[in-house]
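Chemist: kindly return the folded structure for what I paste below:
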Amino acid sequence: MRALRGSSLEWTSRTEEVPLRELIAVPVDVGKSTAMVMACDFTGRVLLAAVEFPLTREGVAQMLGRVRAAVPAGAQLVRVGVEAAGHYHLPMIAAGVWPDGWQVVELNPAHVSAQRRVNGQRGVKTDQVDLVAIARRWGSPAKVYRAAGLTPALYASAGRRRDGAISREGSVHLRRALIGLGMGLWQNDPAARTYATALRERGKPGGIIACALAHRADKIAFAMVRDQAPYDPARWS
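Modeler: Just a heads-up that it's a prediction; the model follows:
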């Protein structure tokens, strides 16, 4: 990923302590003669559904009009992500195309492909899927959990089935973080401790309990980031 305008320190300082609904992502997927664009805030809320436009002066002008209209007036930062596509994407990252003050980022196709895999869509490549991969990492707590490799592995062939272990095919750092958050809930949250105790009384092994608490922590953390709200024990009792 390469920032085209402004230093990383400048853009980081602009986003410190800014609500996620005031940070806007505008992913662009470019083809030979047309491109697709969408807009969403950093909570994942879609502001402009995916729309195709011709790569002409008039087409780009109409697209910019729709994107400008979709961006909230209070937006603190608009980040445009353009996937590199040979030379076809170059007109979309040229100076003067996007409004002043918007951040323009050129994305390596390998980054977008990796994000499709994290989103559970490794074998699916469409413009709409690419736009989602460009725009964000995950759209639901289930996708975060799957990206951490904590979902059960399943093998079934010729009438034989073998499963039970976690897949471990995701991000090691994310997996450790979720398990750490789950253990933090177990130590500090009465409702989570009661939940873990109930699982233990049902004979569940320690690994299953740890994954269950990580799953609980995943849902709580996702909701807190999405709603930009502090932890409310009453909500998760």
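Chemist: give me the mean pLDDT for stretch 180-193.
Modeler: Mean pLDDT, computed over stretch 180-193, is 89.
Chemist: and it, which residues are buried?
Modeler: Buried residues in stretch 180-193, counted by 16 or more other CB atoms under 10 Å: L181, G182, M183, L185, W186, D189, A192. Any C-beta I mention is one placed from the backbone N, CA and C, and that applies to glycine too.
Chemist: tell me the secondary structure of A95, please.
Modeler: Look at A95: counting by DSSP: H, G, I helix; E, B strand; the rest coil, its state is coil.
Chemist: does P27 count as helix, strand or coil?
Modeler: Strictly by three-state DSSP, P27 counts as strand.
Chemist: find the centremost residue of this protein, please.
Modeler: With distances taken as CA atoms, centre = their mean, R137 lies nearest the centre of the chain, 2.0 Å away.
Chemist: quick one on the thing from earlier: which of the buried residues of stretch 180-193 fall within helices?
Modeler: Among the buried residues of stretch 180-193, DSSP state H puts L181, G182, M183, L185, W186, A192 in helices.
Chemist: of the residues you listed, closest to L55?
Modeler: Ranked by distance to L55 (CB to CB), these are led by L181 at 44.3 Å.
Chemist: A61: neighbouring residues, count only.
Modeler: The local packing of A61 (other CB atoms under 10 Å) involves 10 other residues.
Chemist: roughly how far apart are it and W98?
Modeler: Between A61 and W98 the distance is 12 Å, computed by CB to CB, to the nearest Å.
Chemist: over to R216?
Modeler: To W98, R216 is 41 Å away according to CB to CB.
Chemist: kindly report the same for G206.
Modeler: G206 is 52 Å from W98, by CB to CB.
Chemist: now D218
Modeler: For D218 relative to W98 (CB to CB), the value is 35 Å.
Chemist: who's more crowded, those two?
Modeler: Shown here are D218 and W98; by other CB under 10 Å, D218 has more neighbours (26 against 22).
Chemist: surely the more buried one touches V144?
Modeler: Yes - counting by CB atoms under 8 Å, V144 is a contact partner of D218 at 5.5 Å.
Chemist: where do the helices of this structure begin and end?
Modeler: Using DSSP H, helices in the chain cover 8-15, 57-70, 109-118, 127-135, 141-147, 172-188, 190-201, 206-227.
Chemist: want to throw these into JSON lines with distance to P233?
Modeler: Shown next, in JSON lines, are those (distance: least, CB to CB, whole Å):
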{"stretch": "helix 8-15", "distance to P233": "29"}
{"stretch": "helix 57-70", "distance to P233": "37"}
{"stretch": "helix 109-118", "distance to P233": "31"}
{"stretch": "helix 127-135", "distance to P233": "32"}
{"stretch": "helix 141-147", "distance to P233": "18"}
{"stretch": "helix 172-188", "distance to P233": "10"}
{"stretch": "helix 190-201", "distance to P233": "7"}
{"stretch": "helix 206-227", "distance to P233": "10"}
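Chemist: and of those, who's closest to I24?
Modeler: So among the helices of the chain, helix 57-70 is nearest, using CB to CB, at 8.6 Å.
Chemist: worst-scoring helix or strand of the chain, pLDDT-wise?
Modeler: Taking mean pLDDT, DSSP states H and E as the measure, the chain has strand 2-3 as its least confident helix or strand, at a mean of 43.
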